[in-house]
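Asks: coordinates for the following, if possible.
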Amino acid sequence: MAVLPPLTISALALGSVTLFATPAQSAGPSCAMAQGAAGTPVTVTGKSFVPNKTVIVDSGGSDASIKANVTGAFTVTLPDATGTVTAQQLNGPAVKCGTVEEQEASESKASFDEGWQMGFKRGKATCKTTMPQGAVANEEQFNKGFAAGAKAAVDKFC
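Replies: Okay, here's the model as predicted:
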C-alpha cells in the first residue's frame with residue numbers, strides 16, 4: 001500500500017470510483033413567440049421536439065399542427081392567437097410559449113427603447129428634441145421613446 005498513489009488508496013478505501021462524467025441531459029422542448037404590431041399574426045418557433053412528429057400549437061384564438069423537422073424544430077404562424085400559446089406532441093409535455101399580452105408588451109418596450117436611443121443620439125448631437133423632417137415613425141411607443149431620449153440628452157449635454 002505504501003507504493004500506491006494517494007488517489008488509488010482513497011479509491012480502494014471508498015470502493016468503486018467513477019472517473020468519467022455522465023453525459024449532460026438534453027434540454028426538453030421549448031418554444032417562443034414573435035409578433036409585429038398588436039393584432040398581427042403571431043409566429044411561434046419551437047426546438048428540441050421529437051423530430052418528424054406532429055406538434056399541436058394551440059392558443060385561445062387559433063391552433064395549428066405542424067411536423068417538427070429532422071432536428072426537432074418548427075415554425076408556424078397563428079393568425080388569430082389570443083391568450084396563452086402552447087405546443088405539444090402526442091404523449092409529450094405541453095410547453096408554454098408565452099402569452100399574446102406578454103409578446104405585445106415586449107414589442108412595445110423594444111420599440112420605445114429603439115426610439116429612446118435614436119432620440120438620445122439626436123438630442124446629444126443637435127441639442128434638439130424633435131425628430132428630423134421625414135423621419136417620423138408611425139409608432140406611438142417609438143415616438144414616446146424618441147421624445148424621452150432626446151429630452152434626456154438635451155438636459156444632460158446642452
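Asks: after the one helix or strand in the chain whose mean pLDDT sits lowest, heading C-terminal, what element do we hit next?
Replies: Scoring the helices and strands of the chain by mean pLDDT, DSSP states H and E places helix 6-14 at the bottom, with a mean of 45. Downstream of helix 6-14, the next assigned helix or strand under DSSP states H and E is strand 30-35.
Asks: what distance do you get for Phe157 to Asp63?
Replies: Noted for Phe157: a distance of 52 Å to Asp63, by C-beta to C-beta, to the nearest Å. Placement of C-beta: from N, CA and C, glycine included.
Asks: look up the closest residue to the residue nearest the centre of the chain, ignoring the ones flanking it.
Replies: In the chain, the residue lying closest to the centroid (C-alpha atoms, centre = their mean) is Ala32, at 5.8 Å. Leaving aside its sequence neighbours, Ala32 sits nearest to Thr45 (C-beta to C-beta, 6 or more residues apart in numbering; 5.6 Å).
Asks: just the angle between the helix or strand hosting the one you found and strand 30-35, please?
Replies: Assigned by DSSP H and E, Thr45 belongs to strand 42-47. Angle, strand 42-47 to strand 30-35, by axes from the mean of the first three to the mean of the last three C-alpha atoms, to 10 degrees: 160 degrees.
Asks: any idea of the mean pLDDT in strand 42-47?
Replies: When pLDDT is averaged over strand 42-47, the result is 93.
Asks: for the very next helix or strand once past that strand, list the C-alpha coordinates in CSV.
Replies: Downstream of strand 42-47, the next assigned helix or strand under DSSP H and E is strand 54-58. The C-alpha coordinates for strand 54-58 follow below in CSV (Å, rounded to 0.1, in the frame of the first residue of the first chain):
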residue,chain,number,x,y,z
THR,A,54,-46.5,16.4,-35.3
VAL,A,55,-46.7,19.3,-32.9
ILE,A,56,-50.0,20.9,-32.0
VAL,A,57,-49.7,24.6,-31.4
ASP,A,58,-52.7,26.0,-29.5
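Asks: that's all I had, so thanks and see you.
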